[in-house]
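K.L.:
I need the structure of the sequence given here:
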Amino acid sequence: IAKAMRRVYMAMDYSEAEYEDTKNTYSAAIQNFSASKFKEVLEKYLLKYPDETLVFIFDEASEAISQKKFTLLDLEGLSEALSSIAKRVWTIAIAQEKLDDVINNQNVSRSQLTKVTDRF
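P.N.:
Predicted coordinates:
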């Protein structure tokens, strides 16, 4: 994306310094993105489109967790943040393993995942 972005900026007569500044701004925003920031973005979207309901489906969640792309605690935090948006945002995680096996493989205490385990 940075390569394409550079071409677009140069074609629009932006300087290399302006491009670098913009790239750094976007890179910092990506690095600091969190469940709470995602929630804020979705709330703004839902204000603009009040009749919408959003559903996020995480397919093969157990595989992504085992590959350390995210943790069960990350998934629970994201789900908790999004579920507080007036029942208009749902998260669904699909796994090919039993939830107990996923938890045991991650060395996470069940007590840390009460919201996840209580909903299965």
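
K.L.:
Can you show me the strands along this protein?
P.N.:
Assigned by DSSP state E, the strands in the chain fall at 54-58, 89-93.

K.L.:
Worst mean pLDDT among the ones you listed?
P.N.:
Among the strands of the chain, strand 89-93 carries the lowest mean pLDDT, a mean of 83.

K.L.:
Worst mean pLDDT across the helices and strands of this protein, which element?
P.N.:
When each helix and strand of the chain is scored by mean pLDDT, DSSP states H and E, helix 114-118 comes last, with a mean of 60.

K.L.:
Need the winner for burial among the strands of the chain.
P.N.:
strand 89-93 (a mean of 17; mean count of other Cβ atoms under 10 Å). Placement of C-beta: from N, CA and C, glycine included.

K.L.:
Can you give the contact residues for that one?
P.N.:
By Cβ atoms under 8 Å, 6 or more residues apart in numbering, the list of residues contacting strand 89-93 from outside reads 42, 46, 53-58, 61, 75, 78-79, 82-83.

K.L.:
Just want the angle from that strand to strand 54-58.
P.N.:
10 degrees (axes from the mean of the first three to the mean of the last three Cα atoms, to 10 degrees).

K.L.:
Take strand 89-93, keep the C-alpha atoms, and write them as CSV.
P.N.:
The C-alpha trace of strand 89-93 is given here as CSV (Å, rounded to 0.1, in the frame of the first residue of the first chain):
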residue,chain,number,x,y,z
VAL,A,89,-23.1,-5.2,16.8
TRP,A,90,-22.5,-9.0,17.1
THR,A,91,-19.4,-11.0,17.1
ILE,A,92,-19.3,-14.7,16.2
ALA,A,93,-16.2,-16.9,16.5
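
K.L.:
Perfect, that will be all.
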